[in-house]
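In: Predicted structure and sequence below. I'll ask about it afterward.
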2 protein chains.
Amino acid sequence: MQEYKPVSAVVIRRLPRYYRYLTELLSHGITRISSKELSTKMHVTASQIRQDLNCFGGFGQQGYGYNVASLHKEIGQILGLDGGRTMIIIGLGNLGKAIAGYSSFSKRGFILKGLFDVNENVIGKEISGVTVRNSAELEDFVKENNIDIGVLAIPKYAAQDVANRLISAGIKGIWNFSHMEINAPNNVALENVHLSDSLMTLSCKIGRIQKEE
Amino acid sequence: MQEYKPVSAVVIRRLPRYYRYLTELLSHGITRISSKELSTKMHVTASQIRQDLNCFGGFGQQGYGYNVASLHKEIGQILGLDGGRTMIIIGLGNLGKAIAGYSSFSKRGFILKGLFDVNENVIGKEISGVTVRNSAELEDFVKENNIDIGVLAIPKYAAQDVANRLISAGIKGIWNFSHMEINAPNNVALENVHLSDSLMTLSCKIGRIQKEE
């Protein structure tokens, strides 16, 4: 496997967006793109793009642009999308069901292996082709199936407890939607999703536009 | 109303997180905090915090720290949370239902005014205390009720069309969950939510931890 220079956390946060755009370009049969074109499409400066993409190898060539397919493949590798990450969802309320139904996750190599809930009315039901299990089976399932990612779609009062159980069972990453920042040791990757942050940002943008008018 | 210096887009993106922490501090009865303490809690450097918060006024005092309540209030104003923003959700699938059920949004001053769907089986049902209307009524409702924010929880093939209808009816901001970046004129605020970006970032973090081990 190719060795990469260390990529900063800020650049990592931008890579999924590059990946999405490159996927779109590929689907339109576009094989080559200049940093200028990419910059127009993505509303980022061309020099920012060159800087970002040079971080992990010189894909671009002066006057030639980027090879879309190979850049897409390389970024996919850096994002760990080539190996296939196994995933379980804990909590099958509306949000858990919505996440279970996202076909775009499986397209990107995330394999939904299990669903868990504590609610007797939900346990045993089939959602997106997967049967909901009793949360009591959580640790055994994670260990036996070598699960990479646990998705927390549960109320915040239960979040840290379930996270601890996943961590003790050897989970590698936690995707947390529980409206509460949880703690995890350094060897467990963690992404806290705060939808309200995005809504507040939108509200702030509205206020700025109104002031300008 | 107090005048603020222009705040950069990057700082704006961090303000919701400050706001969340300050809300938490207030709920624990904490009235004062130093930038150092805030920095430990938020995993940001103290100088970053001072820089961010100085952008829109000098709240902190050397050796005294920040007054939690007034900082909370001022950031809330910048985020436009004091006036109350009216909101409608278009699309009452699992995700739309999940968003309609988030009590934390109403706590932050976002008022759910309407729900819209095209599905006859959903129209007329009550979700989170609001009756689902036929999407055909969308433009009239937005105009008559002076709606601020339209939440798109619909499939991507319908997203730009519904966005255009909202825009023509005078919507001020669009919160887009439709897995597709939509276009809006400069006088309409736009936030595209890409949940898969967060999942890919998590996957990338897992890969980096594995390489270190």
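Out: Everything's here; your move.
In: What is the strand ranked longest in chain A packed up against?
Out: Looking only at chain A and at elements set by DSSP state E, the strand with the highest residue count is strand A:110-117. When contacts are defined as 3 or more CB pairs under 8 Å, 6 or more residues apart in numbering or on different chains; DSSP states H and E, strand A:110-117 sits against strand A:85-90, helix A:94-100, strand A:130-134, helix A:138-145. Glycine gets a C-beta too; all of them are placed from N, C-alpha and C.
In: Quick one: the ones you listed as a markdown table, columns for distance to chain B, mean neighbour count and mean pLDDT too.
Out: Converted to a markdown table, the helices and strands packed on strand A:110-117 look like this (distance: least, CB to the nearest CB, whole Å; neighbours: other CB atoms under 10 Å in any protein chain shown; pLDDT from 0 to 100):
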| stretch | distance to chain B | mean neighbour count | mean pLDDT |
| --- | --- | --- | --- |
| strand A:85-90 | 5 | 24 | 97 |
| helix A:94-100 | 4 | 23 | 95 |
| strand A:130-134 | 14 | 16 | 97 |
| helix A:138-145 | 14 | 15 | 98 |
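In: Would you mind putting the ones you listed into JSON lines with distance to residue A:205 alongside?
Out: As requested, these are exported to JSON lines (distance: least, CB to CB, whole Å):
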{"stretch": "strand A:85-90", "distance to residue A:205": "31"}
{"stretch": "helix A:94-100", "distance to residue A:205": "25"}
{"stretch": "strand A:130-134", "distance to residue A:205": "38"}
{"stretch": "helix A:138-145", "distance to residue A:205": "40"}
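In: out of the ones you listed, nearest to residue A:8?
Out: strand A:85-90 (22.3 Å; CB to CB).
In: Show me the helices in chain A, by range?
Out: Here chain A has its helices, by DSSP state H, at A:9-27, A:35-42, A:46-54, A:68-78, A:94-100, A:103-107, A:138-145, A:156-168, A:195-212.
In: what sits up against stretch A:177-191?
Out: A:95, A:99, A:151-156, A:158-160, A:163, A:167, A:171-176, A:192-196, B:104, B:198-199, B:201-202, B:205-206, B:208-209, B:213 (CB atoms under 8 Å, 6 or more residues apart in numbering or on different chains).
In: which among the residues you listed end up buried?
Out: A:95, A:99, A:151-154, A:158-160, A:163, A:167, A:171-176, A:192-196, B:198-199, B:201-202, B:205-206, B:208 (16 or more other CB atoms under 10 Å in any protein chain shown).
In: tell me the mean pLDDT for the longest strand of chain A?
Out: Averaging pLDDT along strand A:110-117 yields 96.
In: Please identify the pairing partners of that strand and their relative orientation?
Out: Take DSSP bridges as the rule and strand A:110-117 pairs in its sheet with strand A:85-90 (parallel), strand A:130-134 (parallel).
In: what's the angle from that strand to helix B:195-212?
Out: With axes from the mean of the first three to the mean of the last three CA atoms, to 10 degrees applied, the angle from strand A:110-117 to helix B:195-212 works out at 100 degrees.
In: Can I get strand A:110-117 in CSV, CA atoms only?
Out: Extracted as CSV, the C-alpha positions of strand A:110-117 are listed here (Å, rounded to 0.1, in the frame of the first residue of the first chain):
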residue,chain,number,x,y,z
PHE,A,110,-20.3,0.7,4.7
ILE,A,111,-22.0,-2.6,5.4
LEU,A,112,-25.0,-2.7,7.7
LYS,A,113,-24.5,-5.8,9.8
GLY,A,114,-26.9,-5.4,12.7
LEU,A,115,-29.7,-3.3,14.3
PHE,A,116,-30.3,-3.2,18.1
ASP,A,117,-33.1,-1.8,20.2
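In: In that strand, which residues are buried?
Out: A:110, A:112, A:113, A:114, A:115, A:116, A:117.
In: ok now that strand, how far from the chain's centre?
Out: Strand A:110-117 sits 15 Å away from the centroid of its parent chain (CA atoms, centre = their mean, to the nearest Å).
In: go on, stretch A:195-207?
Out: On CA atoms, centre = their mean, the centre of stretch A:195-207 falls 21 Å from the chain's centre.
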